[in-house]
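**Student:** I'd like to go over a predicted model; first the sequence, then the structure.
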Amino acid sequence: MATVLNRTTKALLVSVNTVDYPTIDWIIEPDLSAVAGFASKYWTITGDTVSLLDQAGRNAVDAAILSAQRDAIAAAMNATEDYARAFALVVLDEINLHATRITAILDAVDGANSLATLKTAVAAIADVPQRTIDQLKTALRNKLGS
């Protein structure tokens, strides 16, 4: 049984049968003394030699990983921002719908010269129905990307 190191992925396997690991892809019994204590992302492999990147190289690896993480977070934020914007637009539409109804009621009060006229005017104002979750989902879908 031996230890093997993949030349590409830097996967380190212990206690394996070397026959199953061709030397074109794997280093058999690699000398890892030069990279002891460092993550494999900082290793470089030349032939069968495993060495440690210099500080500038390690900094470059860390910068590349940080950049990739930031890109992933930014992509997730874009999706979240799209949803939040769509939700805000749906809420705004609902607020405006209710504001329009209140304005219509106030206009009816201003124009009424009797209680009967007021009741007739208010009764003519369309009621705002309660919304269902399916209507909310449809409204959100319609606002996404707008």
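**Tutor:** On my side now, so go ahead.
**Student:** list the buried ones in the worst-scoring helix or strand of the chain on mean pLDDT?
**Tutor:** Ranked by mean pLDDT, DSSP states H and E, the weakest helix or strand in the chain is helix 115-123, scoring a mean of 82. Within helix 115-123, the residues that count as buried by 16 or more other C-beta atoms under 10 Å are 118, 121. No exception for glycine: its C-beta is placed from N, CA and C like everyone else's.
**Student:** quick one: secondary structure of the residue nearest the centre of the chain?
**Tutor:** Nearest to the geometric centre of the chain sits residue 76, at 2.2 Å (C-alpha atoms, centre = their mean). Secondary structure state of residue 76, per DSSP: H, G, I helix; E, B strand; the rest coil, is helix.
**Student:** what does residue 92 give?
**Tutor:** Look at residue 92: counting by three-state DSSP, its state is helix.
**Student:** Distance of it relative to residue 99?
**Tutor:** Distance of residue 92 to residue 99, given as C-beta to C-beta, to the nearest Å: 10 Å.
**Student:** Over to residue 19?
**Tutor:** Residue 19 is 78 Å from residue 99, by C-beta to C-beta.
**Student:** In terms of packing, which of the two has more residues around it?
**Tutor:** Applying other C-beta atoms under 10 Å to residue 19 and residue 99 shows that residue 99 carries more neighbours, namely 10 against 7.
**Student:** residue contacts, the more buried one?
**Tutor:** Residues near residue 99 by C-beta atoms under 8 Å, 6 or more residues apart in numbering: none.
**Student:** Using the record's assignment, carve this protein into domains.
**Tutor:** What automatic domain parsing lists as the domains of the chain is 2-53, 74-143.
**Student:** And the average pLDDT for the first one is what?
**Tutor:** For domain 2-53, the mean pLDDT works out to 96.
**Student:** End to end on it, go ahead and measure it.
**Tutor:** End-to-end distance for domain 2-53, by C-alpha to C-alpha, to the nearest Å: 26 Å.
**Student:** The last one too?
**Tutor:** Taking C-alpha to C-alpha as the measure, domain 74-143 stretches 21 Å from start to finish.
**Student:** rewinding a little: want to throw the domains of the chain into TSV with distance to residue 60?
**Tutor:** Formatted as TSV, these follow (distance: least, C-beta to C-beta, whole Å):
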stretch	distance to residue 60
domain 2-53	8
domain 74-143	21
